[in-house]
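**Q** Predicted model and sequence follow; I will ask about them next.
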Amino acid sequence: MNAQKQNSAFQFSIGVVLYPLIVVLSLWLVFWFELRFGYNFTPFGVKPREISGLTGIIFSPFIHSTLSHLWHNSVPTLVLIAGLFYFYKPVAWQVLLWIVLGSGLGTWLIGRDAYHIGASGVVYGLASFLFFKGIWSKHYRLTAFSLIVVFLYGSLIWGTMPIRDGMSWEGHLSGFLTGLILAFVFKTKIAKPVKYVWETEAYNPEDDPFLQQFDEDGNFIDPPSEEEEEDQLI
């Protein structure tokens, strides 16, 4: 019973597939709407240190400048949100919401004077949270997923630095730091590693049926023959 409760976050559900698909399809729908009807939603992005620019905290992740920009954010968004809802289902919505707010607000505070758009801040936040949370959890499955995140998206760390013109490194850095903070804040709200019987304090090796088959030197104890058993009965 306890083992099932502890690993409830690791049970597959329709949301693991459905939620990331809905998010990514929303990104593409907004981009299609801009192209189809000739709109430009860039002014709805984050405009640092302007009150009107605060609305971009919510809207900016759905706005992309080019098809390439959208594509490069869609794949990691799909993978990372799926991982979030599979491994951290009890807190997934909270984490996702705080990453959106944290990355957007951080961009509003430190960003250069321009419109900042795109879901990359959220991508950095998710990658950061999933990596650090998995490492700190000391749970073998979460740690393994952390290593997968590093393998797939480890190069994202360079995006937190001002190395390319036109790239919102401020949004990337804000998302990364938000994920790092959340990985620490939610430390008590994930599944704990299952403890086997021999790892508990109540375990007594002398009562273990398997170990009773060996002597104190580790040698296998031959079971008594039928004649020996009959002699013992007599």
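**A** Nice, thanks for sending it over.
**Q** Mind splitting the protein into its structural domains?
**A** Domain assignment for the chain, taken from automatic domain parsing, gives 8-185, 199-233.
**Q** Give me the pLDDT value at residue 214.
**A** Residue 214 carries a pLDDT score of 64 in this model.
**Q** what's the answer for residue 198, then?
**A** 54.
**Q** follow-up on the earlier one: packed most tightly, which of the domains of the chain would that be?
**A** Most buried of the domains of the chain, by mean neighbour count (mean count of other CB atoms under 10 Å): domain 8-185, with a mean of 18. For the C-beta atoms, the positions are set from N, CA and C on the backbone; glycine is no exception.
**Q** weakest of the domains of the chain in terms of mean pLDDT?
**A** domain 199-233 (a mean of 60).
**Q** ok, residues contacting the longest helix seen in the chain?
**A** Ranked by number of residues, the top helix in the chain under DSSP state H is helix 14-37. Defining contact as CB atoms under 8 Å, 6 or more residues apart in numbering, one finds that helix 14-37 is touched by 39-41, 61-64, 67, 70, 73-74, 77-79, 81-82, 85-86, 89, 92, 119.
**Q** Likewise for stretch 46-57?
**A** 44-45, 60, 100-101, 104-105, 107-117, 170-171.
**Q** got the end-to-end distance for that stretch?
**A** 6 Å (CA to CA, to the nearest Å).
**Q** Distance from the chain centre to that stretch, please.
**A** 27 Å (CA atoms, centre = their mean, to the nearest Å).
**Q** Stretch 97-111 too?
**A** Computed by CA atoms, centre = their mean, the chain-centroid distance of stretch 97-111 equals 18 Å.
**Q** please begin residue numbering at 19 from this point
**A** Renumbered: residue one is now 19, and that last one reads stretch 115-129.
**Q** Alpha carbons only: can I get it in CSV?
**A** Listed next in CSV are the C-alpha coordinates belonging to stretch 115-129 (Å, rounded to 0.1, in the frame of the first residue of the first chain):
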residue,chain,number,x,y,z
LEU,A,115,2.3,28.2,-13.5
TRP,A,116,5.2,29.4,-11.3
ILE,A,117,7.7,28.9,-14.1
VAL,A,118,5.5,31.0,-16.4
LEU,A,119,5.1,33.7,-13.8
GLY,A,120,8.7,33.6,-12.6
SER,A,121,10.4,33.6,-16.1
GLY,A,122,8.1,36.4,-17.2
LEU,A,123,8.5,38.6,-14.2
GLY,A,124,12.3,38.1,-14.2
THR,A,125,12.4,39.2,-17.8
TRP,A,126,10.3,42.3,-17.0
LEU,A,127,12.7,43.2,-14.3
ILE,A,128,16.1,42.7,-16.0
GLY,A,129,15.3,42.6,-19.7
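**Q** And the contacts of it?
**A** Stretch 115-129 is touched from outside by 64-67, 71-72, 74-76, 78-79, 134, 139-140, 142-144, 147, 186, 188-189, 191-193, 195-197, 199-200, with contacts defined as CB under 8 Å, 6+ apart.
**Q** residue nearest the centroid of this structure?
**A** residue 148 (3.2 Å; CA atoms, centre = their mean).
**Q** Now that residue: closest residue in space that isn't a chain neighbour?
**A** residue 167 (5.1 Å; CB to CB, 6 or more residues apart in numbering).
**Q** Residue 31 too?
**A** Nearest residue to residue 31, sequence neighbours excluded (CB to CB, 6+ apart): residue 107, at 7.1 Å.
**Q** Same check on residue 145?
**A** Residue 145 sits nearest to residue 171 (CB to CB, 6+ apart), 4.8 Å away.
**Q** so that neighbour makes contact with residue 144?
**A** No: using CB atoms under 8 Å, residue 171 is not in contact with residue 144; the gap is 9.1 Å.
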